[in-house]
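> let's see this in three dimensions:
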Amino acid sequence: MTHLEMNRRRFISTTLVGGGMAFSFGVMPASAANSVNKSPWLAPTDKGGTEVSHWVIMDPDGTITIVQPHAEMGQGAFTSVAMMLNEELQADWNMLRHQYAEYNRHINNKDPLHPDAEGLWVTMSSGGSNVVKARHGHIMQAGASARERLKEAAAQAWGVARADISVKDSVLSSGSRSGTYAEFANAAAGITLDVEPTVKTPDQFTLLGKSTPRVDIPLKVDGSAQFPADIRLPGMVYAAVVNNPVQWGGKPTYDATGILDRPGVIAVMELDQLPADTEGRYANRRDGGAHHPMAMKNGIAVVADSYYRAKTALELIPIEWDRGPAGNLNTEDMFAQARSMLTLPAEDGRDRGTEGDALGVIAAAPSASVLTAEYERPYEAHLRPEPITHVAQFKDGRYDAWVGAQHPPRLAAQVVEQLGIETKDIHMHRTFLGGGFSSSSSSYIARQAAQIAKNLDGLPVMVRWSREEDTRNATHRTLGVARFTAALGADGLPTAISALTVADGSTNYTNQFLPWGIPNYRFIAHNFEGHISTTSHRNPTGGFGGFMTEQFVDEMAQAGGWDPLEWRLHMSRDVSDYQVVLKALKKVGGFRTDLPQGMGMGVAIVESHGTIAGQVATVSVTRRGTVRVEKVVTVLDAGVVINPSVGREQAEGSIVWGLSHSLYGGIEVQNGEVVNNNFDTYRLIRMADMPEIETHFASSSTEKWGGLGEPAVAPVGAAVANAIFYATGKRVRKNPIVQHDLSWG
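Presented below is the predicted three-dimensional model:
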C-alpha cells in the first residue's frame, strides 16, 4: 500500500457503527468523488420514490424523505423542521429520512401557496432564531397539505368521504380498510386540494412539545457528517488565502517567484477589492454603518495540490501591504472615537424612543438623586468551530459550490456579481455548518472562491481561510459604548432615564428599558463607523445591550435601596409576560444578596427574538480576584416550545457563548490589525470553567412562538457582572471581565 487517504473523520466512520436515524446522505469514501451533478445532499433515495410535494418524498418501502430548506448548524433545525412538518403529516417518525433542498430548484421556482416568497421552499434563510418562530406556519401547512392529499387519494379509491379517513404512523384507515402512505403516494401527487387545511393549534399537538433526540447527532458522533472541508472532487485543487491584515487596506507588493517551483504549487493569484467597494457600493452597510461583510478584500491566493502545500508556500511569499488610512488605529483609538460621540446632539442620532421630558426631569432633580454610568463592549469575534471553507467549480458557464450556508440566495448574489452570470446557472450542494452565529461563514469568501475557480478554467478548488485569517478578516460584533442617566424619586424608583448608545447600526436599535415603565425616557442611538467589518452575532442586539442595560437596572435598584429582583417585579407589574418569567425565576433561582463576601448572585432579564430570558448567576471570587461562575439558572418564555430538550441545549450553548465573550472576549487591534487571532490569544470558556446550568420554561401564552437559539445569550453577562458586585463590591462595566482587578479583603 503506497497511499492511504485517512483523517480523523474517516477513521471514526470506518471503525464505529453509528446508530439512530439514518439520513438519505451518507459517508463518502475518501477515494470516491462527489459528482458535480449529483451530490449526496441532493440525491433521491433511489428507491423509486414519489414526490408527494416538494417537501415530501415517499418510497415504496415506507421510507419518507423530508426535504429540508434550512441549514443545520448545531441548532437542531433538521429535527425542528421534521417535527413541525410531521405534526401534521403524521408519518412514522422512525421511517423519516432527510435531505437538503436544492438551491437551484428553490430559486428558480415558486411555491403555489406563497408566490411572493423567495422561492419554492418559501425561504432558505436560517438565522435570527427564526426557523421555528417565523417558519412554523408554512412548514406545518406543507405537512397538512400532504396528509390531506393522501387522505383524498384513499377516499377516492375506497369511495368514502375524506373526513371519514384517519391517519397515524403512515397508515390511513377507514372502517375495516387501511393502507400505507406508500400505497397512495402516486395518486396523492396528482391531487390538488380546493381548500388548504387549517393547521393544528398547540392544544392539538401529538408530537410537538415532546423532547425528541436531534437527528443530526448520530452522524456527528460517528464522523459521517460532512462539512465543506470533507468534499473531494475529481481533479480538485486547494487554495490558501491571505488578505490585507488591515481590513479595507490597499493592494500588496509581493514577489512570488521563489515559490513557483515548490512541489505541488499550481498558481499564484492576486485578488482585487472591487472598484465598487472603494467607491461606496459595498464600502458601507445599510445605514452608514461599518463595511459590508460580503465585499471581496485585497488578497493573495496560492493554489496547490494540497492545502498544506498551498498554505506553506503562501507563508513564504514576502509581502508588503498598503495598510491604508486605518493602518495606525489601535483599540483605544476606536473606543475614544466612540466615547466622543456620546456628546453629539440628539438630532444627529436615531431616536429609539421618547416619552415625557426625561432631560427636564433629570435636570430638575437633586444631584444626590441622579445616577450616571458608562459601559463599554469591544469588538468580538465569532470564532466558529469550522474554519471558513468553500468548494467551487466554474465550468462551461455553470457554477457549482459545496458550502454550508445560512442563506444560500445571499451567497449566490455575491457569485452573480463577481462572475457576471445568471442565478439559474448557480448550483449549491449544501453541507452541515460548523457553527453559524449569523455569520453565514462561506459568504465571506464566496467572491474569492468564485474568482479563483474562474481563473482555474474548470478545475474544482477548495478555498480555505486559516483560523488567523478568519479572525482578522471575517466580520465581528461591533464595538460600543453607552451612557445612562436616571433620576430617582423619593421612593427610590426612577422617574426619568436618558440613554445614549454608540455602536454599529446593525446592533444599536433596541430600547431595553421599555418594560420597566419609567414615565419619562429618552433613548438616542448614534452609529459608529470603524474600520472593522461588522455584522450580526449570536444575539447581536440583546447580547450587546443586555450587558449594559441590565447592570444599570441593578445600579438603579441598589441606589434606591431596592432588592434587584423585587425592583424588576415591581417595575414590570403591568407587563404580564415579564411577570411570568420573574416570578418563576424567583421561585427556582434562589436569588439572595446576603451571601458571604467572595460569593454573589446576580439577576438579569432581557427580551429578544420573541423570547424573554431571565437568569440568576452565582459566582465566586477569590481574594486575589479570580472569578468563577458556579451556576446559571435560566427561565425562558418562548411561548410554544416544540422540543424542550433541544431548547435546553440551545440555552446551554447560548450561555457558553455569552460567558466566553463577557469573561474573556474582545479583539485587540494594533496598527489596524487584529492581533489576538487564534484560540491561544482569544480565549473561550473551557470545560473546566463550565458552570452548572439549569434551564426552565415558563410560557405566558400558547399563541406566542419565540426563538430559542439566541435569547439566553443576552442576560448572562449582566447577571455575572451583577453577581460580581455582590461578591466584591466592585462594578464591572466593560468586557472582558477577567481583565479587571476583582481582588477584595
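
> host element of the residue lying closest to Leu120 once chain neighbours are set aside?
The shortest distance from Leu120 to any non-neighbouring residue, by CB to CB, 6 or more residues apart in numbering, is to Asn109 (4.2 Å). In this view, the C-beta of every residue, glycine as well, is placed from N, C-alpha and C. Using DSSP states H and E, Asn109 maps to neither a helix nor a strand.

> any idea how far Asn109 is from Ala117?
11 Å (CB to CB, to the nearest Å).

> any low-confidence regions in this structure?
For the chain, residues meeting the criterion pLDDT under 70 lie at 1-47, 274-295, 438-444, 505-509.

> got the domain ranges for it?
8-222, 228-325+385-473, 332-380+477-739 (automatic domain parsing).

> sorry, back to before: the residue nearest to Leu120 is in contact with Glu118, isn't it?
No. The pair Asn109 / Glu118 is not scored as a contact, 10.9 Å apart, by CB atoms under 8 Å.

> those two: which has the busier surroundings?
Neighbours per residue (other CB atoms under 10 Å) separate Asn109 from Glu118, with Glu118 holding more: 18 against 13.

> and the residue nearest to Leu120, how close does it get to Arg398?
Taking CB to CB, one finds Asn109 at 18 Å from Arg398.

> over to Pro644?
Applying CB to CB, the value for Pro644 to Arg398 is 45 Å.

> helix, strand, or coil at Thr541?
Following DSSP: H, G, I helix; E, B strand; the rest coil, Thr541 is assigned to helix.

> ok, and the closest non-adjacent residue to it?
Using CB to CB, 6+ apart, the nearest residue to Thr541 is Thr510, at 4.8 Å.

> contacting residues around that neighbour?
Taking CB atoms under 8 Å, 6 or more residues apart in numbering, we find Thr510 in contact with Arg352, Thr541, Gly542, Gly545, Ser608.

> will you turn these into TSV that also has neighbour count?
Shown next, in TSV, are these (neighbours: other CB atoms under 10 Å):
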residue	neighbour count
Arg352	19
Thr541	21
Gly542	26
Gly545	30
Ser608	26
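
> out of those, who's nearest Gln247?
Nearest to Gln247 among the contacts of Thr510 is Thr541, at 22.6 Å by CB to CB.

> and the next helix or strand past the helix or strand hosting Ala373?
Using DSSP H and E, Ala373 sits in strand 370-377. Using DSSP H and E, the helix or strand that follows strand 370-377 in sequence is strand 389-395.

> that next one packs against which elements?
strand 398-403, helix 446-455, strand 461-464 (3 or more CB pairs under 8 Å, 6 or more residues apart in numbering; DSSP states H and E).

> tell me the angle that strand makes with helix 446-455.
Here strand 389-395 runs at an angle of 40 degrees relative to helix 446-455 (axes from the mean of the first three to the mean of the last three CA atoms, to 10 degrees).

> I'd say Arg464 and Val242 touch.
No. Arg464 lies out of contact with Val242 (CB under 8 Å); the separation is 11.7 Å.

> can you list the buried residues in the strand holding Ala373?
For strand 370-377, burial by neighbour count (16 or more other CB atoms under 10 Å) applies to Val370, Leu371, Ala373, Glu374, Tyr375, Glu376, Arg377.

> likewise stretch 410-428?
Of the residues in stretch 410-428, 410-419, 421, 425-428 count as buried by neighbour count, 16+ other CB under 10 Å.

> now, the residues you listed that are in helices?
Arg410, Leu411, Ala412, Ala413, Gln414, Val415, Val416, Glu417, Gln418, Leu419 (DSSP state H).

> what's the nearest residue to the third one if we skip its chain neighbours?
Distance criterion CB to CB, 6+ apart; nearest residue to Ala412, sequence neighbours excluded, is Ile426 at 4.9 Å.

> how about the last one?
For Leu419, the nearest residue in space outside its immediate sequence neighbours is Ala450; the separation is 5.3 Å by CB to CB, 6+ apart.

> do you know how far that neighbour is from Arg522?
Using CB to CB, Ala450 is found at 47 Å from Arg522.

> using TSV, lay out the buried residues of strand 370-377 together with distance to Tyr664.
As requested, the buried residues of strand 370-377 are arranged in TSV below (distance: CB to CB, whole Å):
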residue	distance to Tyr664
Val370	34
Leu371	29
Ala373	23
Glu374	22
Tyr375	18
Glu376	16
Arg377	13
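
> just the closest of those to Thr495, please.
Val370 (10.5 Å).

> Ala182 in helix, strand or coil?
helix.

> what segments of the stretch 1-150 of the chain are helices?
With helices called from DSSP state H, counting those that start in this stretch, the stretch 1-150 of the chain shows them at 8-15, 77-89, 103-107, 130-133, 136-158.

> phi, psi of the residue nearest to Ala638 when sequence neighbours are not counted?
Nearest non-adjacent residue to Ala638, counting by CB to CB, 6+ apart: Gly706, 3.5 Å away. Gly706 adopts backbone torsions of phi -110, psi 160, taken as degrees, to the nearest 10.

> Gly706 and Ala142, how far apart?
With CB to CB as the criterion, Gly706 and Ala142 are 22 Å apart.

> what's the answer for Glu152, then?
On the measure of CB to CB, Glu152 and Ala142 end up 16 Å apart.

> higher neighbour count, the two?
Neighbour count, other CB under 10 Å: between Glu152 and Ala142, Ala142 has more, with 27 against 20.

> and for the residue nearest to the more buried one when sequence neighbours are not counted, the neighbour number?
Sequence neighbours aside, Trp55 is the residue nearest to Ala142 in space, at 4.3 Å (criterion: CB to CB, 6+ apart). Other residues near Trp55 come to 25 when the count uses other CB under 10 Å.
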